[in-house]
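J.: Return atomic coordinates for the entry below.
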Amino acid sequence: MAYNPLLSPRNLTWDDVDPRRHPFDAAEAAEAVRALAPARRTPLRPAGHAGNSDIIRWSHGPGWDWADEMTLAMVERWGRWTVGWRWAPDEGDYDGGPVGAWCCTRDSISATDPEETLDRIAEALCEWREWLEDTADRFDHYPLDRMPAEDRQDAWERATVRLVTQVVDRTGGGSGWYGHCRQVLVWFLTRWGVAEETAREQVEKAIDGRFLSWTAPGRTLVDDVAERLATSLEADS
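T.: Here you go, the predicted structure:
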């Protein structure tokens, strides 16, 4: 397995994923996935128990390489936003994501039917896209570019609480969930004109290492993160 940082969903920016910038027709996804070149050589996972050491090695080698080929083909077809199709909750191919249809190469590549694998990929791609569209809609509930200055801090706070809560719900608050949570908050800030570097710095300072794997944050902590973030943003504006 050769890790390619360009294929990691953790590195996606809002410009990369903003659904308004990247057309996609979910109704055509299953057919379009099957038309991608790697789909014609969809592998079968070796037979046997998924915990077998030979299967684990295969999933980290040929299985992973083929999944990367699928991702690269999707990027060429639809854009870089598609790399999130493998971002499963907990300890999947990528840790702490919002996509339930795909787990990992070991468990999601079928041992008996290539069509089953391709169905999972199309479902995962559509699930990821739906999450991005829902996220964009949530951002639009807080039109900060048209909001009076005296209302902005309250809006930052309310938006942060809502976004953190929704990421926790979607990821189950499992392993590494906070990585996507930080990312969504940065996306929100950049969506409304905060510079990328500033957004990252302010989100990191507000969270301050207090979000943990396998632990959903309590409301007091979420409120404090929201207040810190909103206060720092207003101070910089």
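
J.: any idea of the pLDDT on the residue located most distally from the centre of the chain?
T.: Within the chain, E150 marks the point farthest from the mean C-alpha position, 32.6 Å out by CA atoms, centre = their mean. On pLDDT, E150 comes in at 83.

J.: Can you tell me how far it is from F139?
T.: Distance of E150 to F139, computed by CB to CB, to the nearest Å: 21 Å. Heads up, the C-betas are built off the backbone N, CA and C, glycines and all.

J.: now do E197
T.: Using CB to CB, one obtains 20 Å as the distance from E197 to F139.

J.: neighbour count winner among those two?
T.: Neighbours were counted for E197 and for F139 using other CB atoms under 10 Å; F139 has more, 20 against 10.

J.: Is the more buried one in contact with R191, as I believe?
T.: Yes: the criterion here is CB atoms under 8 Å, and F139 meets it with R191 at 4.9 Å.

J.: Show me how this protein divides into domains.
T.: Domain ranges of the chain: 6-85+96-130, 141-236, per automatic domain parsing.

J.: Just the endpoints, please. Distance across the first one?
T.: Put plainly, it is domain 6-85+96-130. One end of domain 6-85+96-130 sits 22 Å from the other (CA to CA, to the nearest Å).

J.: Could you pull up the mean pLDDT of it?
T.: Mean per-residue pLDDT for domain 6-85+96-130: 96.

J.: what are the phi and psi values for the residue nearest to R10 when sequence neighbours are not counted?
T.: Among residues not flanking R10 along the chain, G179 sits closest, at 5.8 Å (CB to CB, 6 or more residues apart in numbering). Backbone torsions of G179, given as degrees, to the nearest 10, read phi -60, psi -50.

J.: Same question for A155.
T.: The phi/psi pair for A155 (degrees, to the nearest 10) is phi -70, psi -40.

J.: Ok, E91 next?
T.: The phi and psi values for E91, taken as degrees, to the nearest 10, are phi -100, psi 60.
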